[in-house]
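Q: just coords:
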């Protein structure tokens, strides 16, 4: 599933093609994906200008004067910007066609597994942050409000393993499985350690590692394990620099100890028993 870096890479890729452009039309080729498409979406957006793009956790946001479009890529979705006349592929479900200086362009969503979503939040329904999919999300890890103190305070009294604590999304958003494994390795924290047993100083190191790992992944175009492609069709290559994720049995890059894999919350966790105490 695309994680925060992949969604941010997508946002940065589509922004120059969408921001300030007028929507010509919206094409819906199914009733919906994970949830039904808003049936009034074509009428809501035709002739409206896209004021800007944003991201909240793993959700891509397109802002209009009267509301915001919320797009989630699900497990296998990706967005492309292309000529609207480009031949359709089997799993092309949604087009947002805009007009720019060089004519029409389409933002096209392809989603083979149909776990993605395209939803609408009207300004009349309250602040965007109150939307049911967004209101329970924690702080953004790349913004100033995210610190070691954030993690330390939220973790007091918790017996949940620290990796599961990070994946919950209610404390910090967007730290998915890959980047949680890599961040815990960089901070030298064992993923099985109870969140409430980790000291403030170690959370400072973990918060810094999370910020660094996510920023590096964005620069490298995210990770491509199966389905993720950037807007230009290129794969991300952060996976080439993994220290622990998907490296079971391979010598640790730091100490040579074979990387271990365990299962936590039905997700694979990779770590070094020597480097991560």
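A: Everything's here; your move. Keep in mind that what you see is a predicted model, and the values were worked out from it rather than measured.

Q: hey, let's count contacts and neighbours off CA atoms from now on
A: Fine.

Q: what is the mean pLDDT for the longest helix seen in the chain?
A: Ranked by residue count, the top helix of the chain under DSSP state H comes out as helix 200-219. Average pLDDT, helix 200-219: 96.

Q: give me the low-pLDDT residue ranges for the chain?
A: 1, 223-237 (pLDDT under 70).

Q: hmm, 50 instead?
A: 226-229 (pLDDT under 50).

Q: and the helices in this structure, which stretches?
A: Using DSSP H, the helices of the chain run over residues 4-18, 41-45, 148-155, 162-167, 177-186, 200-219.

Q: what about the strands in the chain?
A: 22-28, 52-56, 59-64, 67-72, 78-82, 92-100, 103-110, 117-122, 260-264, 267-271 (DSSP state E).

Q: quick one: closest of these to residue 238.
A: Closest of the strands of the chain to residue 238 is strand 267-271, at 16.2 Å (criterion: CA to CA).

Q: ok, that closest one: who's next to it in the sheet?
A: Sheet pairing for strand 267-271, assigned by DSSP bridges, gives strand 260-264 (antiparallel).

Q: what residues sit buried inside the strand it pairs with?
A: 260-261 (16 or more other CA atoms under 10 Å).

Q: and stretch 64-84, by the same measure?
A: 64, 67-82, 84.

Q: give me the distance between the two termini of that stretch.
A: 21 Å (CA to CA, to the nearest Å).

Q: run the chain-centre distance for that stretch.
A: 13 Å (CA atoms, centre = their mean, to the nearest Å).

Q: before we move on, back to that, dump the strands of the chain into CSV; add distance to residue 130 as well.
A: Listed next are these as CSV, based on distance: least, CA to CA, whole Å:
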stretch, distance to residue 130
strand 22-28, 25
strand 52-56, 12
strand 59-64, 14
strand 67-72, 12
strand 78-82, 26
strand 92-100, 25
strand 103-110, 25
strand 117-122, 10
strand 260-264, 31
strand 267-271, 29
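
Q: for residue 203, which of these is the nearest?
A: Using CA to CA, the nearest of the strands of the chain to residue 203 is strand 267-271, at 17.5 Å.

Q: follow-up on the earlier one: quick check: angle from the longest helix of the chain to helix 148-155?
A: 120 degrees (axes from the mean of the first three to the mean of the last three CA atoms, to 10 degrees).

Q: tilt between helix 200-219 and helix 177-186?
A: Going by the same axes, to 10 degrees, helix 200-219 makes 130 degrees with helix 177-186.
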